[in-house]
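J.: I'll drop the sequence and a predicted model, then ask my questions.
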Amino acid sequence: MTPERLRALLAEVAAGALTVDDAERRLAWEPFEDLDFASVDHHRALRQGFPEVVFGQGKTPEQIAGIAARIAPRGDGFLATRLADDAAEMLAAKIPAIELNPLGRTAYLPPAEPVARKTRGSVLIVTAGTSDLPVAEEAAVTAAAFGNPVERLTDVGVAGIHRLLARTDRLRSASVVIVVAGMEGALPSVVGGLVAVPVIAVPTSVGYGASFGGIAALLGMLNSCASGVTVVNIDNGFGAAAAASRINLLPAS
């Protein structure tokens, strides 16, 4: 249940179009649902503005589809991340309207009645290299699903910094910048030194042996000398987009 649906329900009660008992029954059905293998949180949207997001890694296709079957019919939208190919195929077969992003390994079903959200501006997602795109696309799909205008700036890492410097106008026009980089993780520091808005750094596991699966990039970003740079976990595009949304989305009036 979203805040908008709750207000609509309360308005029906106030107008006499819905009895208190009927409203109570609707609300009693909402908090969570026990599926044996999962407890689906149906009040996540009411608390946080978007329904529970399903993390697909480690779940079977049947489990993911079972959770989707309980969330999607409510009309508030559905998002799953870290999907294996077989899970994505099962979701597409069961929910034809779902939008798959194979590169980002996501599945997104828009809400039945899209809500126009007020934002401070756009979320710009910057990638150091093409190898960082899977994590960047996870962030892009998530940010868009949460109601943000999303822009992308790809393959502008420090190995050819002129590619970034030629596009500083795009950096400065964003309200929040998510920077996705592997290897030594230097790009967020560069971006942090060029903009006056929040920069969320995402280390990726891309790199040779001494990158230690993203730990080198993580430590480099945590030790950034540029102010305003915060860091999420390795390969956590979803977490970066969720944080960016909390910064960028304005409260409903």
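T.: In hand now; what should we look at?

J.: ranges for the helices of the protein?
T.: Across the chain, reading from the start of the chain, the helices by DSSP state H fall at 3-15, 20-28, 44-48, 61-71, 85-94, 133-145, 162-165, 168-173, 187-192, 215-222, 237-248.

J.: quick one: average confidence on the last one?
T.: Summarised as a single mean, pLDDT over helix 237-248 is 95.

J.: From the rest of the structure, what touches it?
T.: Here helix 237-248 makes contact (CB atoms under 8 Å, 6 or more residues apart in numbering) with 49, 53, 55, 81, 104, 119-123, 135-140, 142-143, 146-148, 175-176, 178, 180, 198, 200-202, 230, 232-233. All C-beta atoms are positioned from the backbone trio N, CA, C, and that covers glycine.

J.: how about a cut-off of 7 Å?
T.: In this structure, residues lying in contact with helix 237-248 by CB atoms under 7 Å, 6 or more residues apart in numbering are 81, 119-121, 123, 135-136, 138-139, 142-143, 146, 148, 175-176, 178, 180, 198, 200, 202, 232-233.

J.: The helices of the chain: which one's closest to V115?
T.: With respect to V115, and counting by CB to CB, the nearest of the helices of the chain is helix 3-15 at 5.7 Å.

J.: what ranges of the stretch 101-250 of the chain fall below the confidence cut-off?
T.: Applying pLDDT under 70 to the stretch 101-250 of the chain flags no residue at all.

J.: In PyMOL, select just the buried ones from the contacts of helix 237-248.
T.: Selecting in PyMOL just the buried members of the contacts of helix 237-248, where the criterion is 16 or more other CB atoms under 10 Å, is done with this command:
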select buried, resi 81+119+123+135+136+138+139+142+143+146+148+175+176+178+180+198+200+202+232
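
J.: So which of the contacts of helix 237-248 are in strands?
T.: The subset of the contacts of helix 237-248 located in strands under the criterion DSSP state E comprises 81, 123, 176, 178, 180, 200, 202.

J.: Mind putting these into JSON lines with distance to G129?
T.: As requested, the ones in strands among the contacts of helix 237-248 are arranged in JSON lines below (distance: CB to CB, whole Å):
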{"residue": "T81", "distance to G129": "21"}
{"residue": "V123", "distance to G129": "20"}
{"residue": "V176", "distance to G129": "21"}
{"residue": "I178", "distance to G129": "15"}
{"residue": "V180", "distance to G129": "9"}
{"residue": "I200", "distance to G129": "18"}
{"residue": "V202", "distance to G129": "13"}
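
J.: and the two most separated of the residues you listed?
T.: Farthest apart among the ones in strands among the contacts of helix 237-248 by CB to CB are T81 and V176. That separation is 19.3 Å.
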